[in-house]
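> Make a model of this:
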Amino acid sequence: MTLSPQHLQELQQAHALLENPGFMARTSHLLGRPIEYALAGLPKSAKAIVATATEKALKVTLAGALGTMDKTPALDSPRLHKMLATVSGAAGGFFGLAALPVELPVSTGVIFRSIADIARANGEDIHSAEVKLECLKVFGMGGPTDKDDAGESGYLALRSSMAKLLSEAADYLVANAVAGEGAPVLVRVIAAIAARFQVQVTEKLAAQAVPVIGAVAGGTINFLFVSHFQDMSRGHFTVRRLERIYGSEVVLQAYERLGAASPHAAAA
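All right, here's what the predicted structure looks like:
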């Protein structure tokens, strides 16, 4: 079985989104200079604060961010979530590092709902344990890494590495009406995703800490932040929708071929 021309075009668009340079490149373009300079200026305490705030934000989000969302498939509403994230980012940018433990759970919850909104528009049941975890997994998607090659992209590598863990976590959530935060499998899921998510949170924090940036750019940077994860979500749930039509093997093989044919792969 092969993908129809329309579905192949959708997969190409998903591939372009999932393998893009990521949030750091967008932010560097906004600031007009490499973000590494801003990262170097963060206080030593920032790493520990980001790590703690990131895990807390993901735990809070998994526990209750979807409670008021309707299951019925609908068109996603990215502008609303971008607006809400921009407001929370402006507040966080004004108060800096000290506000992160408060601002990040709010921003993460807004972004998570936007991710779920996109998942629902692609026919997913956002109240199933599996889909909740798939929405959470989007926070671990940041574009390609130095270890990627044409055969195993950053997206495919993440899917492969987390497949068993997410399956175990989904089984736990199905069997337990109340998800205990201390459940070993959920702790491992949160830790695995947080380790990737906190890299981008640190980049966001560094950009907001640039002198003269403050609250104004805090809102703009959060706009880019939510836009990035909306793109990752569109790509991811497009792939999953096509997999329900053609099967995982057909779609992922086509995805790999797109990677092998990309200019980046040819240059490598």
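> so which helix or strand takes in residue 123?
Secondary structure from DSSP states H and E places residue 123 outside every helix and strand.
> Equivalent analysis for residue 130, please.
Using DSSP H and E, the element containing residue 130 is helix 129-137.
> Quick one: residues contacting the closest residue to residue 7 other than its chain neighbours.
Of all residues not flanking residue 7 in the chain, residue 242 sits nearest, at 5.7 Å (CB to CB, 6 or more residues apart in numbering). C-beta: built from backbone N, CA, C; applies to glycine. By CB atoms under 8 Å, 6 or more residues apart in numbering, the contact list for residue 242 reads 3, 7, 10, 11, 251.
> Looking at these, which is nearest residue 175?
Set against residue 175, the nearest of these by CB to CB is residue 251 (29.4 Å).
> any idea how far that closest one is from residue 117?
Counting by CB to CB, to the nearest Å, the gap from residue 251 to residue 117 is 23 Å.
> likewise residue 193?
Distance from residue 193 to residue 117, by CB to CB: 19 Å.
> show me where pLDDT drops low in the protein?
The model of the chain has pLDDT under 70 over residues 21, 30-34, 65-99, 143-153, 177-182, 210-219, 262-268.
> ok, now with 80
Applying pLDDT under 80 to the chain flags residues 1, 20-38, 41, 63-100, 102-103, 142-153, 176-182, 207-223, 261-268.
> re the thing from before, just to be sure, the residue nearest to residue 7 is in a helix?
Yes. Counting by DSSP: H, G, I helix; E, B strand; the rest coil, residue 242 is located in a helix.
> Next one: it from residue 248, what distance?
Separation of residue 242 from residue 248 (CB to CB): 9 Å.
> could you check the angle helix 129-137 makes with the one helix or strand residue 204 maps to?
In the assignment (DSSP H and E), residue 204 maps to helix 184-208. Per axes from the mean of the first three to the mean of the last three CA atoms, to 10 degrees, the angle that helix 184-208 makes with helix 129-137 is 30 degrees.
> Can you spell out which helices and strands pack onto helix 184-208?
helix 23-31, helix 36-40, helix 46-64, helix 78-95, helix 100-121, helix 129-137, helix 154-175, helix 214-246 (3 or more CB pairs under 8 Å, 6 or more residues apart in numbering; DSSP states H and E).
> Please identify the buried residues of that helix?
For helix 184-208, burial by neighbour count (16 or more other CB atoms under 10 Å) applies to 185-186, 189-190, 192-194, 196-208.
> how close does the closest residue to residue 244 other than its chain neighbours get to residue 9?
Leaving aside its sequence neighbours, residue 244 sits nearest to residue 123 (CB to CB, 6+ apart; 7.4 Å). Counting by CB to CB, the gap from residue 123 to residue 9 is 18 Å.
> what does residue 135 give?
Distance of residue 135 to residue 9, given as CB to CB: 25 Å.
> And the two? Which one has more around it.
Comparing residue 135 with residue 9 by other CB atoms under 10 Å, the one with more neighbours is residue 135, at 28 against 11.
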